[in-house]
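A.B. asks: 3D model of this:
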Amino acid sequence: MQMSEHDLWQRFQRYYSTFPSIGLSIDLSRMNFADTYLDSMAAPMAKAFAAMDALEKGAIANPDENRMVGHYWLRNSKLAPTPEIRAAIDDTIAQVKRFASDVHKGGLHGADGPFAQLLLIGIGGSALGPQFVSNALGHPRTDRLKLSFF
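C.D. replies: So this is what the prediction gives:
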């Protein structure tokens, strides 16, 4: 994309957007697309937004398994489509937090005393995310449990 400085400035002003409420700014001005591209994508984007809205309301996304897909509800249970699902998420999170607290306080322990190791066994996908968080936020001298990945 060969453009003059003036053209680049005009394109920047057109394709730079800020969203202060979520702390996001995005600059599409240097991406190589025609000025008509965004307008041409209006219908497909409307279709994608409608599909996402249906998913958020509990539409069946995987007909083979006949189930809803709402992993994002775990991050914000208020998005769950029913009060029962929201309550199940909130109750499970509370139970997990109580369990972790009991382990850290030593109230729950193994036959040889307090737990010292945690083995994360993946169920598919990548272990890189948990490893990254562990390495970024963990500290070998202060962590209550030594974390290992399988």
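A.B. asks: From here on, just use CA atoms for contacts and neighbour counts.
C.D. replies: Will do.
A.B. asks: What are the buried residues along the helix or strand hosting residue 47?
C.D. replies: Assigned by DSSP states H and E, residue 47 belongs to helix 42-56. Under the neighbour-count criterion of 16 or more other CA atoms under 10 Å, helix 42-56 has 55, 56 buried.
A.B. asks: how distant is that helix from the center of its chain?
C.D. replies: Distance, stretch centre to chain centre, for helix 42-56: 19 Å (CA atoms, centre = their mean, to the nearest Å).
A.B. asks: ok, which stretches of this protein are helices?
C.D. replies: Here the chain has its helices, by DSSP state H, at 5-15, 37-40, 42-56, 83-105, 128-137.
A.B. asks: Present those as TSV; the columns should include mean pLDDT.
C.D. replies: What follows is the helices of the chain, written out as TSV (pLDDT from 0 to 100):
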stretch	mean pLDDT
helix 5-15	95
helix 37-40	94
helix 42-56	92
helix 83-105	93
helix 128-137	80
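A.B. asks: hmm, back to that, can you tell me what sits against the helix holding residue 47?
C.D. replies: The set of residues external to helix 42-56 that reach it, using CA atoms under 8 Å, 6 or more residues apart in numbering, is 61, 68, 69, 70, 79, 80, 81.
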